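Undergrad: quick one, what's the 3D model for this:
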Amino acid sequence: MHDTAYEITTQPRPADYPAYLPVPEGPVMLPSEIPPGVQMVTLPGGIRTLAYTQPTAPAAPLVPVSQPIPAWAKTTALLTPTIGGGVAAAGIGLSYAAPGLIAMSQALWSAVALMSAAAIGVPVLLRLGRAATGAGRGTTHITQNITASGMFGKANGTVNHH
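TA: Residues are numbered from 1 along each chain as shown. Just a heads-up that it's a prediction; the model follows:
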């Protein structure tokens with residue numbers, strides 16, 4: 001087999017290494033030594049490392065693309081004249097029906113007045129009718145006396161009209 005060994009050398013920390021970075025455990029690489037396409041990245045675990053990154057694609061000029069009209073917009077555009085025409089027809093119909101509606105409202109108010117008069121007048125008439133028929137007689141008093149002897153005795157009673 002092939003047994004190729006490479007010797008790894010380390011350099012001491014240079015004097016211009018940024019102080020805000022943690023002290024590296026291994027050899028230090030200066031930013032000028034980083035090859036193109038490699039960047040310093042922070043992994044989700046918080047470890048900072050060098051990694052190859054995807055080159056950003058050059059921004060293509062934006063060309064307006066024709067979009068199809070959504071179905072809801074077409075439906076709304078088709079229903080708008082129909083709804084407007086329906087509202088206009090309802091307004092015209094109400095203007096023609098206004099005299100009849102006014103007459104009907106007056107008739108309804110007359111019916112309400114008749115019902116309220118009946119609700120007040122009928123009890124008054126009934127009270128007057130009772131007073132007229134019972135004017136010659138006095139009121140009748142009925143007394144009742146019931147007696148019984150013993151627990152299971154027969155009860156006797158009398159009714160007196162006064």
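Undergrad: give me the residue ranges of this protein where confidence is low.
TA: Low-confidence segments of the chain, defined by pLDDT under 70, are located at 1-28, 55-57, 134-138, 162.
Undergrad: tally of neighbours for T76?
TA: 11 (other C-beta atoms under 10 Å). For glycine as for every other residue, the C-beta is placed from the backbone atoms N, C-alpha and C.
Undergrad: which strand residues bridge N160?
TA: According to DSSP bridges, the partner residues bridging N160 are T143.
Undergrad: I'd say it and I142 touch.
TA: Yes. Judged on C-beta atoms under 8 Å, N160 makes contact with I142 at a distance of 7.1 Å.
Undergrad: mutual contacts of the two, please.
TA: Both N160 and I142 lack any common contacting residue under the criterion C-beta atoms under 8 Å, 6 or more residues apart in numbering.
Undergrad: name the element the most centrally placed residue in the chain belongs to?
TA: Using C-alpha atoms, centre = their mean, the residue of the chain that lies closest to the mean C-alpha position is W72, 23.3 Å off. In this assignment (DSSP states H and E), W72 forms part of helix 71-133.
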